[in-house]
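K.L.:
coordinates only, sequence not included:
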């Protein structure tokens, strides 16, 4: 698998940014680069040793590297662990020949209580990066499966996809007013208000409108969002009220 990279100046709150993106699994901050795998190994040992505070707990991931990822990762993990043992206890959370799953990074709180490292081949160099934000799969699951009104017959848009659609529709604007003319159970409306946008929803089905209202009331309590300004609109008033139209129907 080939990876594409985006680079920007240091983000003030990478977790907040990631929580808005939808399709992004993790954000990592580059701290060094190397010319070959032997140098990668040496620099990882030096980096982890420099931030050592008692027992070292880490994960290691390699991306975009030609050859057997399993063999490369297995060798890196073994040599890095051996190189760090001199200074004290060390433990990696990977299975010996697999990248660490993002779910494990999240559950083990590695961005706070350990270190998750990424080695990425970029042309003729290896970028060494530390994960600073990881997708909160539990919150997505809560918003998808715990909402009171779900209707499999009318389709269930995943919250992650709704976020991606909102980001594309708002075209880089930090906040906008979104109109979903076929709102169904209100996934786009829910994700819209969570991202601090104004939302308008309508549907030919009275049940769909009621489902959206139930879900919006639920999400306002579950995630402490003020929705006291909700009010009905006449259809003739809608056109002048929104910046973009978005729907999954």
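P.N.:
In hand now; what should we look at? Not measured: the values here are computed from a predicted model.
K.L.:
contacts, neighbours, all on C-alpha from now
P.N.:
Noted.
K.L.:
Hmm, residue 189 is touching residue 180, no?
P.N.:
Yes - contact criterion Cα atoms under 8 Å: residue 189 and residue 180 qualify, at 7.4 Å.
K.L.:
okay, these two: which has more neighbours?
P.N.:
Per other Cα atoms under 10 Å, whichever of residue 189 and residue 180 has more neighbours is residue 189, with 28 against 22.
K.L.:
How about the more buried one: what's its closest non-neighbour residue?
P.N.:
residue 199 (5.8 Å; Cα to Cα, 6 or more residues apart in numbering).
K.L.:
downstream neighbour of whatever helix or strand the one you found lives in in the secondary structure list?
P.N.:
For residue 199, the host element (DSSP states H and E) is strand 198-201. The helix or strand immediately downstream of strand 198-201 is helix 206-222, counting by DSSP H and E.
K.L.:
Run through the neighbouring helices and strands of that following helix.
P.N.:
Helix 206-222 is packed against helix 187-194, with contacts defined by 3 or more Cα pairs under 8 Å, 6 or more residues apart in numbering; DSSP states H and E.
K.L.:
how does it look with 10 Å?
P.N.:
Where contact means 3 or more Cα pairs under 10 Å, 6 or more residues apart in numbering; DSSP states H and E, helix 206-222 is packed against helix 137-145, helix 187-194, strand 198-201.
K.L.:
quick one, strands of the protein?
P.N.:
Remark: strands assigned in the chain by DSSP state E are 26-34, 56-63, 90-92, 115-122, 125-134, 177-180, 198-201, 244-245.
K.L.:
Low-confidence ranges, this structure, go.
P.N.:
Residue ranges of the chain with pLDDT under 70: 1-9, 155, 233, 235-237, 239-240, 249.
K.L.:
Domain map for the chain?
P.N.:
14-135, 138-245 (automatic domain parsing).
K.L.:
The last one: end-to-end distance?
P.N.:
Distance across domain 138-245, first residue to last, is 29 Å (Cα to Cα, to the nearest Å).
K.L.:
Likewise for the longest one?
P.N.:
When the termini of domain 14-135 are compared using Cα to Cα, they are 11 Å apart.
K.L.:
Off-centre distance for that domain?
P.N.:
17 Å (Cα atoms, centre = their mean, to the nearest Å).
K.L.:
What sits closest to residue 194 if chain neighbours are left out?
P.N.:
Nearest non-adjacent residue to residue 194, counting by Cα to Cα, 6+ apart: residue 225, 7.6 Å away.
K.L.:
Is the one you found in contact with residue 191, as I believe?
P.N.:
No - using Cα atoms under 10 Å, residue 225 is not in contact with residue 191; the gap is 11.6 Å.
K.L.:
Of those two, which one has the most company?
P.N.:
residue 191 (24 against 15).
K.L.:
Could you find the closest non-adjacent residue to that one?
P.N.:
Nearest residue to residue 191 in three dimensions, chain neighbours excluded: residue 163, at 6.2 Å (Cα to Cα, 6+ apart).
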